[in-house]
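Participant: Prediction below, plus the sequence it came from.
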Amino acid sequence: MEPDPQREPDIVFTGTLADIVAIIESAKARGGRKALEKHAAKMLPGATEAEIREAAEVAAEVIESIPVFLARARQEAGERGLESIAGPLLDQAERYFLRPVDLMPEMTQGLPGLLDDAYLVIRTLQNLDKGREPFLDWDLDDPERFLRRLIGAQVAQRLDKLALDAMREVSAHLSDMWSRLSHPA
């Protein structure tokens, strides 16, 4: 089940999350849904006008949900004592979101420029779910597939690699730390 940003009044965004909300609002001011519709029309050839409008609406909802996803993921990590694992991965996804120039820059593209950022956050959360126990009880497969279509396979592959590399880096760091802390038998 995915969180509904309209039903999450208890979340107060501070720090990096407040910055992400500001970036989303700024991107909305630069073309808003019309820019998303134009992008969707380009990426979904053969789609009807109604399908394009719906795709833009869904894309905007996914983008606007990202701060909620990140806040809930950090909350879950804290409750489960997994900050050392989840924290660096979420930090990496947030840093990518805050970069003014990335694979699809929001500074020039508005909301369509946040599709890659949203995709990377979702892939990061999916990677966290691959442990012995699911990290979050959210099904992010549909938003992931949807965003993949809107950003294109090439951009998605590069972002998949970034998310996987971040997971490997955290794993290597924890393994190294564990080796230094463990005592020979």
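Facilitator: Here it is on my side, so go on.
Participant: For residue 58, grab phi and psi.
Facilitator: Dihedral pair for residue 58: phi -60, psi -40, per degrees, to the nearest 10.
Participant: Least confident secondary structure element in the chain?
Facilitator: Ranked by mean pLDDT, DSSP states H and E, the helix or strand of the chain with the weakest confidence is helix 106-109, at a mean of 60.
Participant: Contacts only, for the residue most central in space within the chain.
Facilitator: Centre of the chain computed as the mean C-alpha position; nearest residue by C-alpha atoms, centre = their mean is residue 121, 1.8 Å away. For residue 121, the set of contacting residues under the criterion of C-beta atoms under 8 Å, 6 or more residues apart in numbering consists of 66, 69, 70, 93, 97. Glycine gets a C-beta too; all of them are placed from N, C-alpha and C.
Participant: And it, which helix or strand is it part of?
Facilitator: Secondary structure assigned from DSSP states H and E places residue 121 in helix 115-128.
Participant: Which residues belonging to that helix are considered buried?
Facilitator: For helix 115-128, the buried set under the neighbour-count rule, 16 or more other C-beta atoms under 10 Å, comprises 115-128.
Participant: same deal with stretch 157-176?
Facilitator: Of the residues in stretch 157-176, those buried by neighbour count under the rule 16+ other C-beta under 10 Å are 159, 160, 162, 163, 166, 167, 170.
Participant: same question, stretch 48-60
Facilitator: By neighbour count, with 16+ other C-beta under 10 Å as the criterion, the buried positions of stretch 48-60 are 52, 53, 55, 56, 58, 59, 60.
Participant: The third one and residue 133, how far apart?
Facilitator: From residue 55 across to residue 133, the span is 34 Å (C-beta to C-beta, to the nearest Å).
Participant: picking that back up, can you check the pLDDT for the residue nearest to the centre of the chain?
Facilitator: Reported pLDDT at residue 121 in the predicted model: 94.
Participant: List the residues that contact residue 49.
Facilitator: The contact partners of residue 49, by C-beta under 8 Å, 6+ apart, come to none.
Participant: roughly how far apart are it and residue 71?
Facilitator: From residue 49 across to residue 71, the span is 35 Å (C-beta to C-beta).
Participant: for residue 55, same thing?
Facilitator: Applying C-beta to C-beta to residue 55 and residue 71 gives a distance of 26 Å.
Participant: so what's the backbone phi/psi at residue 13?
Facilitator: When read as degrees, to the nearest 10, the backbone of residue 13 gives phi -80, psi 120.
Participant: my read: it touches residue 74, true?
Facilitator: No - under the criterion of C-beta atoms under 8 Å, residue 13 makes no contact with residue 74, lying 11.3 Å away.
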